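J.: predicted model and sequence below, questions to follow.
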Amino acid sequence: MHKGTAFTQEERASLGLEGLLPTAVETLDRQVERVLGHLGAKPNDIERFIYLQELSNSNQTLFYATVMSDPARFVPIVYDPTIAEACLTYGHIYRRPQGMYLNRHMKGRFEEVLRNWPVKEVRFICVSSGGRILGLGDIGANGAPIPIGKLQLYTACAGVPPEGLLPIHLDIGTTNAALRADALYTGLREEPPEPDAVDAIVDAFMKAANAVFPGVCVHFEDWKGDDAIRLLERYRDRYLVYNDDIQGTASVALAGIVTALQIKGAALADQRILFAGAGSAGTGIADMIVEAMRGEGLSEGEARARIALFDIGGLIEKGRKDLNASQKPFAHDWKPTEDLTDAVKQIRPTILIGVSTVGGLFTEAVVRTMARTCERPVIFPLSNPTEKAECTPEQAYEWTGGKALVACGVPFPDVTLDGRTFHPGQANNFYIFPAIGLAVQATKPKRIDDAMFIEAARATADQVSQADRDKGMLFPRQNNILETERTTATRVAESIFERGLATVKRLTDIRAFIESLSYTPGY
Ligand SMILES: NC(=O)C1=CN([C@@H]2O[C@H](COP(=O)(O)OP(=O)(O)OC[C@H]3O[C@@H](n4cnc5c(N)ncnc54)[C@H](O)[C@@H]3O)[C@@H](O)[C@H]2O)C=CC1
Ligand SMILES: CC(=O)C(=O)O
Ligand SMILES: [Mg+2]
């Protein structure tokens with residue numbers, strides 16, 4: 001019954017469906033029209049989210065036709081920020097299973113369990129432990145919607161065929177005692193084990209996933225920061241794998257920075273960059289900026305010296321004893337301080353990036369202090385969802401007298417100030433990971449490396465039109481996201497071929513090949 005009213009008379013007769021459907025035979029467009037009516041009548045976005053997920057189960061084609069009919073409207077509903085509410089209430093709004101649910105007690109049997117998935121040709125797995133979901137902290141099994149939503153965007157934003165996508169929640173337990181005590185919680189009611197045991201569980205998972213689905217690409221999403229960094233290092237040279245919070249986020253942030261600097265007419269190598277938040281996203285972005293600066297002629301040391309990190313313990317400087325291996329390269333000779341405004345005074349950043357999970361961290365004092373020593377501050381409050389943004393675009397524009405170039409993790413409306421209209425960008429990794437997926441599908445590289453994400457960043461930045469740059473816009477418009485990400489995927493695929501990393505034969509027309517792979521909703 002997956003086509004509903006779109007079954008033709010002939011199909012109804014031959015499949016024994018006569019009398020089981022309303023008389024009218026409808027096109028997909030007509031069905032979308034009805035769905036849009038239903039969605040319009042819903043009281044809020046979480047109800048729209050629930051409706052759309054039910055639709056994805058009952059009629060996947062109609063689901064994608066609806067979402068792809070207006071991505072700027074629907075991406076925020078199937079994904080960030082509405083998905084945050086879906087995660088917080090997952091055990092309560094749960095209707096039916098989607099994707100797979102593995103847990104640590106299946107460790108010796110992951111292969112057997114993965115074989116229960118009905119599709120044999122799985123090309124992408126998105127896997128989360130729920131250890132750090134958006135800026136919501138450890139919410140364990142309530143994080144299950146995240147891999148589902150991320151993979152839906154592979155299809156909606158880049159046309160990756162949905163049949164080969166498998167979302168997985170890998171339950172290692174949760175530190176969240178309130179959730180463990182919730183009668184409707186759907187996960188293990190256990191504390192997570194020590195890192196060595198986590199590694200052993202994920203080792204077994206990776207081995208099984210590659211045995212059951214040879215050539216699968218595993219996308220890690222929203223693991224606890226330390227787990228994210230450690231597991232990426234563990235697998236990046238062994239498997240086809242990437243971490244979206246580290247590499248996808250770095251790529252989208254770099255894209256926004258490249259556009260902002262083009263608007264300012266400034267070189268990346270001349271910037272001073274301060275990060276509020278030094279976890280998987282912060283150090284991931286910092287490392288990729290170092291790579292991009294090296295491309296502009298700086299040494300690794302010179303590039304790192306232009307970057308400062310500030311975390312929950314304050315400014316990261318040489319005297320800090322609590323730094324991990326990702327943070328140490330950015331520990332410079334700063335005066336110790338736990339006050340962000342003070343750090344801004346010392347560093348005089350030209351770019352300020354928020355990946356702290358702390359809403360409102362960029363106070364008026366922080367932003368005004370930055371604006372005092374920087375003519376056009378680049379301010380990216382990237383934490384999700386909406387209430388975790390380190391400041392709102394309105395605040396950033398107001399406190400800088402309209403000088404700031406701003407992008408946030410979630411969509412924010414345009415801001416009008418003293419008769420001028422400003423257009424904040426959305427620096428969210430959904431500009432990147434679907435395109436990486438499509439490029440990987442087209443080229444089948446053995447490994448995924450940072451250069452692919454740097455190419456994706458440059459391709460994304462290049463697609464912001466001059467007219468939009470003139471308005472201070474930092475990212476391509478979302479109404480055309482499919483076209484944008486196909487172009488990004490083509491550029492990434494070209495660079496994979498050029499660097500000799502593809503395992504398939506080079507095609508003359510990569511763009512045409514990318515399009516031929518691409519899914520279009522239709523019966
Ligand atoms: N816009 C986007 O595309 C993305 C946004 N993010 C957002 O970035 C945030 C961080 O993600 P991860 O780095 O993966 O998390 P994480 O848990 O690895 O790191 C969080 C960091 O923030 C620091 N922090 C906490 N409280 C602080 C405070 N009061 N002042 C300064 N620093 C503080 C912590 O010390 C830690 O270094 C999340 O809110 C997430 O939603 C992450 C990935 C993509
Ligand atoms: C967008 C995203 O990946 C995050 O906030 O974790
Ligand atoms: Mg994430």
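T.: Ah, there it is. This structure is a prediction, so every number in the text was calculated from the model and none was measured. Ligands and ions are numbered 1, 2, ... in the order given.
J.: what about the strands in the protein?
T.: When assigned using DSSP state E, the strands of the chain occupy the ranges 100-103, 124-128, 165-171, 217-220, 241-243, 273-276, 307-311, 314-315, 351-354, 378-381, 405-408, 415-417, 420-422, 425-426.
J.: and among those strands, the most buried is which?
T.: By mean neighbour count, with neighbours taken as mean count of other CB atoms under 10 Å, strand 378-381 ranks first of the strands of the chain at a mean of 30. Using the backbone N, CA and C atoms, a C-beta is placed for each residue, glycine as well.
J.: helices or strands next to that one in the packing?
T.: When contacts are defined as 3 or more CB pairs under 8 Å, 6 or more residues apart in numbering; DSSP states H and E, strand 378-381 sits against helix 249-264, strand 351-354, strand 405-408.
J.: reformat the ones you listed as TSV; add distance to residue 114 and mean pLDDT.
T.: Compiled in TSV, the helices and strands packed on strand 378-381 are given as follows (distance: least, CB to CB, whole Å; pLDDT from 0 to 100):
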stretch	distance to residue 114	mean pLDDT
helix 249-264	28	98
strand 351-354	38	98
strand 405-408	37	98
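J.: can I get these in TSV including distance to residue 443?
T.: Formatted as TSV, the helices and strands packed on strand 378-381 follow (distance: least, CB to CB, whole Å):
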stretch	distance to residue 443
helix 249-264	17
strand 351-354	31
strand 405-408	29
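J.: just to revisit the earlier point, for ligand 1, find the nearest of the strands of the chain.
T.: Comparing the strands of the chain by their distance to ligand 1 (CB to the nearest ligand atom), the top pick is strand 307-311, with 3.4 Å.
J.: ok, now which ones touch residue 351?
T.: The neighbourhood of residue 351, defined by CB atoms under 8 Å, 6 or more residues apart in numbering, consists of 257, 260, 271, 272, 273, 274, 377, 378, 379, 380.
J.: hang on, the earlier thing: can the strands of the chain go into a markdown table with extra columns for distance to residue 230?
T.: Putting the strands of the chain into a markdown table (distance: least, CB to CB, whole Å) gives the following:
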| stretch | distance to residue 230 |
| --- | --- |
| strand 100-103 | 19 |
| strand 124-128 | 15 |
| strand 165-171 | 15 |
| strand 217-220 | 11 |
| strand 241-243 | 10 |
| strand 273-276 | 20 |
| strand 307-311 | 17 |
| strand 314-315 | 24 |
| strand 351-354 | 23 |
| strand 378-381 | 26 |
| strand 405-408 | 28 |
| strand 415-417 | 40 |
| strand 420-422 | 40 |
| strand 425-426 | 29 |
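J.: quick one: which of those strands is nearest residue 35?
T.: Distances from residue 35 to each of the strands of the chain were compared using CB to CB; the shortest belongs to strand 165-171, at 21.5 Å.
J.: direction included, what does the closest one pair against?
T.: strand 100-103 (parallel), strand 124-128 (parallel) (DSSP bridges).
J.: closest to ligand 3 out of these?
T.: When the strands paired with strand 165-171 are compared by CB to the ion, strand 124-128 sits nearest ligand 3, at 8.2 Å.
J.: per-residue pLDDT, the most centrally placed residue in the chain?
T.: Central residue of the chain (CA atoms, centre = their mean): residue 429, 3.6 Å from the mean position. pLDDT, residue 429: 98.
J.: now do the residue lying closest to it once chain neighbours are set aside against residue 354, distance only.
T.: Nearest in space to residue 429, with sequence neighbours left out and distances taken as CB to CB, 6 or more residues apart in numbering, is residue 248 at 3.5 Å. Note on residue 248: its distance to residue 354, by CB to CB, to the nearest Å, is 17 Å.
J.: cool, and residue 148?
T.: Between residue 148 and residue 354 the computed distance is 27 Å (CB to CB).
J.: try residue 311
T.: Residue 311 sits 12 Å away from residue 354, taking CB to CB as the criterion.
J.: where does the prediction get shaky in the stretch 251-400 of the chain?
T.: Counting by pLDDT under 70, not a single residue of the stretch 251-400 of the chain qualifies.
J.: picking up where we left off before, now the strands paired with strand 165-171 as CSV including distance to residue 307 and mean pLDDT?
T.: Output for the strands paired with strand 165-171, formatted as CSV (distance: least, CB to CB, whole Å; pLDDT from 0 to 100):
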stretch, distance to residue 307, mean pLDDT
strand 100-103, 37, 98
strand 124-128, 28, 99
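J.: nearest to ligand 2, out of the helices and strands packed on strand 378-381?
T.: Of all the helices and strands packed on strand 378-381, the one in closest proximity to ligand 2, counting by CB to the nearest ligand atom, is helix 249-264 (6.3 Å).
J.: if you count neighbours, what's buried in that closest one?
T.: Of the residues in helix 249-264, 249-261, 263-264 count as buried by neighbour count, 16 or more other CB atoms under 10 Å.
J.: just checking, what packs against that helix?
T.: helix 280-295, strand 351-354, strand 378-381, strand 405-408, helix 450-462, helix 466-470.
J.: how many residues are close by residue 180?
T.: Neighbour count of residue 180, defined by other CB atoms under 10 Å: 17.
J.: close to ligand 1, is stretch 173-187?
T.: No. Applying CB under 6 Å from any ligand atom, one finds stretch 173-187 separated from ligand 1 by no less than 12.4 Å.
J.: tell me how far that stretch is from the chain's mean position?
T.: Using CA atoms, centre = their mean, to the nearest Å, the mean C-alpha position of stretch 173-187 is found 25 Å from that of the whole chain.
J.: what residues does the residue nearest to the centre of the chain make contact with?
T.: When the contact criterion is CB under 8 Å, 6+ apart, the partners of residue 429 are 244, 245, 248, 249, 251, 252.
J.: reformat the strands paired with strand 165-171 as CSV; add distance to ligand 1.
T.: Below are the strands paired with strand 165-171 laid out as CSV (distance: least, CB to the nearest ligand atom, whole Å):
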stretch, distance to ligand 1
strand 100-103, 22
strand 124-128, 12
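J.: dump those strands into a markdown table; add distance to residue 181 as well.
T.: As requested, the strands paired with strand 165-171 are arranged in a markdown table below (distance: least, CB to CB, whole Å):
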| stretch | distance to residue 181 |
| --- | --- |
| strand 100-103 | 19 |
| strand 124-128 | 22 |
